[in-house]
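Participant: mind folding the following:
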Amino acid sequence: MEKLIPFIILILGSLFFWIRRKNNIIYNQVMSGKPHSNRLLDFQPEYKNIIDKGHKAYLISFKHNLDIEIDDEHLCDGRLVLDISPIALALFKWKEDHILVYAKFSGNEQYLKLPYIDIYALVAQETGEGIIFQD
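Facilitator: Below you'll find the model as predicted:
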């Protein structure tokens, strides 16, 4: 058992390093580049504020222009609520007219194309604080 302790510590340290590195990559993907929409100019500062406080960032989007089928159980008042915290995503990209994320959804990893026009709000799960994007 004593021989396993250094090995376990090494594994846990590597796992912690990998998770932290992945979180930094996703955070940098969100913070780099710019949204091509004046509606979302406050997205990055609000995202930074939420993550810096140690909260989970949730994006709320209208359903009607999404390219995937969504079960009603994943909707709240007809809106998709998606965890976009660094730990939850595998990819985040600003595109010309949408955000592209690669995340687990309904247990399956898939790309979600979220048109800027459909993004309703960005909020912290823990406090409900955030921003509503208006036309």
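Participant: ok, now which ones touch the closest residue to D118 other than its chain neighbours?
Facilitator: If the residues on either side of it in the chain are set aside, D118 comes closest to F62, at 4.4 Å by C-beta to C-beta, 6 or more residues apart in numbering. C-beta: built from backbone N, CA, C; applies to glycine. Going by C-beta atoms under 8 Å, 6 or more residues apart in numbering, F62 touches 78-80, 118, 120.
Participant: go on, E46?
Facilitator: E46 neighbours (C-beta under 8 Å, 6+ apart): 122, 130-131.
Participant: for the one helix or strand it maps to, which positions count as buried?
Facilitator: Here E46 sits within helix 43-52, counting by DSSP states H and E. Buried residues in helix 43-52, defined by neighbour count with 16 or more other C-beta atoms under 10 Å: 43-44, 46-47, 49-51.
Participant: which two of these have the greatest separation?
Facilitator: Greatest spacing in these, by C-beta to C-beta: F43 and I51 (12.3 Å).
Participant: coming back round to it: between the buried residues of helix 43-52, which sits nearest V30?
Facilitator: For the buried residues of helix 43-52, the nearest to V30 is Y47 (5.6 Å; C-beta to C-beta).
Participant: that closest one and S85, how far apart?
Facilitator: Relative to S85, Y47 is positioned 9 Å away (criterion: C-beta to C-beta, to the nearest Å).
Participant: so what sits against both of these two?
Facilitator: Shared contacts of Y47 and S85 (C-beta under 8 Å, 6+ apart): A57.
Participant: quick one: the strands in the chain, in order.
Facilitator: Per DSSP state E, the chain carries strands over the ranges 57-62, 75-76, 79-83, 89-94, 98-105, 108-115, 119-124, 130-132.
Participant: so which of the ones you listed is nearest N38?
Facilitator: Set against N38 and scored by C-beta to C-beta, those come closest in strand 119-124, at 12.6 Å.
Participant: and the closest one, what does it pack against?
Facilitator: helix 43-52, strand 57-62, strand 130-132 (3 or more C-beta pairs under 8 Å, 6 or more residues apart in numbering; DSSP states H and E).
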